[in-house]
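Asks: got a structure for you, letters missing:
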């Protein structure tokens, strides 16, 4: 009884002092910071001045500054990988399941930082800080629009490198990222092998294959079809919200899998009494739900940023030349985490990536996630890989 | 020498008498016929008057009229399954590899017939005869538009049944169809078990699962986004060609697979000297090729017909109730032909379909196609199943 009372008191004290959220095992409240480079020259030789990106961190950088782990985000993601900004946030960052005190990426041990990429999709999310077509170009006083230079995954990495250098970090304990974040992880290990101790690419391959080049274009197509896109010139006018919503609907669907649809929707109707068999406009629940999701996601997103991200992904081959050469440059041990039913980075491509990395003796392991969400299992089922990731990072 | 001369003479005679195409093993020239029903009442209780559909046949109906095999076509297909309309046609019908004298579906033995469905996509193909939103409704003197009733796979089957009855055919030796044609084959065997001797559903499952319901909606989305679609009211005005082309681009891509893209395009650029890394508008070859294919296919297609086909497919559950009940009604032996890398009807769904059919003892076999084209292997790699289909039909 006394012990129970003490535990309750302890819990109550925690709840009072730092909110219910800041219980043991959670990173607690996090804040967004800004990193600014007065000027950045892209891989393509163009200048962006200034570059500003948001970042956040969990855990503490040690004195030797050798305990940093970089988290790189996915196509529609942000730097918000763990914790909450305020106690009232409905959900924590996307990888909260594996980032925190005692978790797979143990913030008692590692200084975990995560940054928004250039041309981040969610340009209108108040917590996202990025530089892209929607950003005012001080040289003109107007948004860059399609005058913004083409940027690549290497550019994302180079800006992150400048951020790390500004913090005095010369070597990363590891780079960990999902999907487009995996592409950044490969690029980090290939472009700057001396700076990367370990790599954990999740649901991503060492290159964007031609089929995915085609799919990325298919995702982008509704934006270009929307008359409001106007060749990318829509700032200060009506933005191409319908096209952007349709694009995000397609991304949402493509990142899932048959079991997700079975479980979440089945053959339910969108509205009671409106049998889809009775009229062209009567829909199934999955159609209405995807449409609502696309529209909701579009509210914080910018259409040109979407197109620039598509381009950055289409151009990706680790290291920039051939995938064999690029992956051969990786020296750090690699833990690939992959989803069995991934329709974006197919299992075969993950296996080919592993073979190319291992060709010169670099250690590679693969952990297969067995979920219902397809590509998105890299987020929703990441807990299955938690022990393997923890052991890999601490080995 | 004499023998060689004789062979050459024989070949020359063939070429003179019936054209180079009509050599042994080919069905030769075929002609399109029209079947008309003065009035048809849909499953939903609406009347379409008249219904006209095109059909063609290969081989001869025997006196007992018991040697007929019905071929049912896919989403973007037509009744042109084999042969050529004229010697100058660039290619024969889509399943010419398995339909012809001595082939898997042996036209020396079987009377093979194939009909255009209701709301056939290719409404403006001069060789397609169909009834749908683009058809003039004699009652109003104007195209039906979205006043056209919702039609289902069962309606397609019922119109085919009326066509068969008009020819005096009371029982089919077999129904064979790919993709949406497989859905029709399941529906035939479930709705009219007494009329179907054998079923060969190729690259199709016993129901359209919720994930595919979502994908069909995704295919249709660009049409609804195109302002020229105008709620379906565009006849006599500018049609939504851009939206329809984008929809067909998506269908084309979805029906393929990573190896197809590797082989056909790799990372080639669309235009020499226009590096995709240099400008947002510079593209990869796969993007330009898919766009050109979509635009070319859109020229003969009707946007509303596309939407009606989407609806018919989304509504499909064999037999119309639950898939278990629907497939249990099938009494005829079933040979499923499926593609290992199919992204539309996933292998798991084919296996589930087979189990549901077999649950009450109905014989089922599966032949797996191992190609590079994904779903489309059901057309391009069908030759791999030729011997199994031939044996199944002749058993």
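Replies: Received it, and whenever you're ready, just let me know what you need. Note that the structure is predicted; figures quoted are calculated from it, not measured. Numbers count the residues shown, from 1 in each chain, chains lettered A, B, ... in the order given.
Asks: how far does the lengthiest strand in chain A sit from its chain's centre?
Replies: Longest strand of chain A, by residue count under DSSP state E: strand A:51-58. Distance of strand A:51-58 from the chain centroid (C-alpha atoms, centre = their mean, to the nearest Å) equals 14 Å.
Asks: that strand pairs with which strands?
Replies: Here strand A:51-58 is paired, per DSSP bridges, with strand A:33-37 (antiparallel), strand A:111-115 (antiparallel).
Asks: quick check: buried residues in the first one?
Replies: Along strand A:33-37, the positions that meet the burial threshold by neighbour count (16 or more other C-beta atoms under 10 Å in any protein chain shown) are A:35, A:37. Any C-beta I mention is one placed from the backbone N, CA and C, and that applies to glycine too.
Asks: which residues touch that strand?
Replies: Strand A:33-37 has contacts (C-beta atoms under 8 Å, 6 or more residues apart in numbering or on different chains) with A:50-57, A:115, A:129, A:159, A:162-163, A:166.
Asks: max pairwise distance over those residues: which two?
Replies: Based on C-beta to C-beta, the longest span within those runs between A:50 and A:57 and measures 21.5 Å.
Asks: residue ranges in chain A under the pLDDT threshold?
Replies: Judged by pLDDT under 70, chain A has its weakly predicted residues at A:1-24.
Asks: show me the strands in it, by range?
Replies: A:33-37, A:40-41, A:47-48, A:51-58, A:68-72, A:99-100, A:105-106, A:111-115, A:136-137, A:142-143, A:174-178, A:199-202, A:334-339, A:364-369.
Asks: what's the local residue count around the closest residue to residue A:30 other than its chain neighbours?
Replies: Of all residues not flanking residue A:30 in the chain, residue A:83 sits nearest, at 3.9 Å (C-beta to C-beta, 6 or more residues apart in numbering or on different chains). By other C-beta atoms under 10 Å in any protein chain shown, 23 other residues sit near residue A:83.
Asks: got the contact list for residue A:83?
Replies: Neighbouring residues of residue A:83 by C-beta under 8 Å, 6+ apart: A:26-30, A:56, A:58, A:92-93, A:96, A:99-100.
Asks: repeat the analysis, applying 10 Å as the threshold.
Replies: Going by C-beta atoms under 10 Å, 6 or more residues apart in numbering or on different chains, residue A:83 touches A:21-22, A:26-31, A:56-58, A:89, A:92-93, A:96, A:99-100, A:107.
Asks: among these, which are in helices?
Replies: If you go by DSSP state H, these have nothing in helices.
Asks: mind checking which of the residues you listed are buried?
Replies: Looks like the contacts of residue A:83 have A:21-22, A:26-28, A:30, A:56-58, A:92-93, A:96, A:99-100, A:107 buried, using 16+ other C-beta under 10 Å.
Asks: for these, work out which two are farthest apart.
Replies: For those, the maximum inter-member distance is 17.4 Å, found between A:21 and A:57 (C-beta to C-beta).
Asks: quick one: end-to-end length of stretch A:273-293, please.
Replies: In stretch A:273-293, first residue to last residue: 23 Å (C-alpha to C-alpha, to the nearest Å).
Asks: now stretch A:272-284
Replies: The first and last residues of stretch A:272-284 sit 10 Å apart, counting by C-alpha to C-alpha.
Asks: quick one: buried residues of it?
Replies: If you call a residue buried by 16+ other C-beta under 10 Å, then stretch A:272-284 has these buried ones: A:276, A:280, A:282-284.
Asks: mind listing what residue A:331 touches?
Replies: Per C-beta under 10 Å, 6+ apart, neighbours of residue A:331: A:189-190, A:193-194, A:196-197, A:199, A:357, A:360-362.
Asks: let's see 8 Å
Replies: A:189, A:193, A:362.
Asks: chain B: which of the contacts of strand A:33-37 is nearest?
Replies: Ranked by distance to chain B (C-beta to the nearest C-beta), the contacts of strand A:33-37 are led by residue A:159 at 17.7 Å.
Asks: near residue A:268, how many other residues are there?
Replies: Neighbour count for residue A:268, taken as other C-beta under 10 Å: 15.
Asks: so what's the nearest residue to it once chain neighbours are set aside up against?
Replies: In this structure, residue A:268 finds its nearest non-sequential neighbour in residue A:285, 4.0 Å apart by C-beta to C-beta, 6+ apart. Residue A:285 makes contact with A:265-266, A:268-270, according to C-beta under 8 Å, 6+ apart.
Asks: hmm, try it at 7 Å
Replies: The neighbourhood of residue A:285, defined by C-beta atoms under 7 Å, 6 or more residues apart in numbering or on different chains, consists of A:265, A:268-270.
Asks: in ChimeraX, how would I select the buried members of those?
Replies: What follows is the ChimeraX syntax selecting those of the contacts of residue A:285 that are buried according to 16+ other C-beta under 10 Å:
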select /A:265,269,270
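Asks: the contacts of residue A:285 into a markdown table, with extra columns for distance to residue B:36?
Replies: What follows is these, written out as a markdown table (distance: C-beta to C-beta, whole Å):
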| residue | distance to residue B:36 |
| --- | --- |
| A:265 | 40 |
| A:268 | 39 |
| A:269 | 35 |
| A:270 | 37 |
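Asks: chain B: which of the contacts of residue A:285 is nearest?
Replies: Nearest to chain B among these is residue A:265, at 4.9 Å by C-beta to the nearest C-beta.
Asks: residues touching the nearest residue to the closest one once chain neighbours are set aside, list them.
Replies: Nearest residue to residue A:265, sequence neighbours excluded (C-beta to C-beta, 6+ apart): residue A:286, at 4.0 Å. For residue A:286, the contacting residues are A:261, A:265, B:210, B:213-214, by C-beta under 7 Å, 6+ apart.
Asks: same question for residue A:122.
Replies: With contact set as C-beta under 7 Å, 6+ apart, residue A:122 has these partners: A:78, A:128, A:300-301.
Asks: name the residues that touch stretch A:268-279?
Replies: Outside stretch A:268-279, the residues touching it (C-beta under 7 Å, 6+ apart) are A:282-285, A:287-288, B:44, B:150, B:314-315.
Asks: hmm, I typed the wrong one, I wanted stretch A:224-234.
Replies: Counting by C-beta under 7 Å, 6+ apart, A:133, A:145-146, A:223, A:238-240, A:242-243, A:303-304, B:222, B:225-227, B:242-243, B:246 sit against stretch A:224-234.
Asks: make it 8 Å
Replies: Contacts of stretch A:224-234 (C-beta under 8 Å, 6+ apart): A:133, A:145-146, A:223, A:237-244, A:246, A:303-304, A:307, B:222, B:225-227, B:242-243, B:246, B:280.
Asks: quote the end-to-end distance of it.
Replies: In terms of C-alpha to C-alpha, the two terminal residues of stretch A:224-234 are separated by 12 Å.
Asks: wait, which of the contacts of residue A:122 is closest to chain B?
Replies: Nearest to chain B among those, counting by C-beta to the nearest C-beta, is residue A:301 at 16.6 Å.
Asks: what sits against that closest one?
Replies: Residues in contact with residue A:301 (C-beta under 8 Å, 6+ apart) are A:76, A:121-124, A:244, A:248.
Asks: just residue A:132 next, same as before
Replies: Going by C-beta under 8 Å, 6+ apart, residue A:132 touches A:118-120, A:123, A:144, A:148, A:151, A:302, A:304-305, A:308.
Asks: with residue A:134 instead?
Replies: By C-beta under 8 Å, 6+ apart, the residues touching residue A:134 are A:123-124, A:143-144, A:235, A:302, A:304-305.
Asks: which of these fall in helices?
Replies: Using DSSP H, the contacts of residue A:134 in helices are A:304-305.
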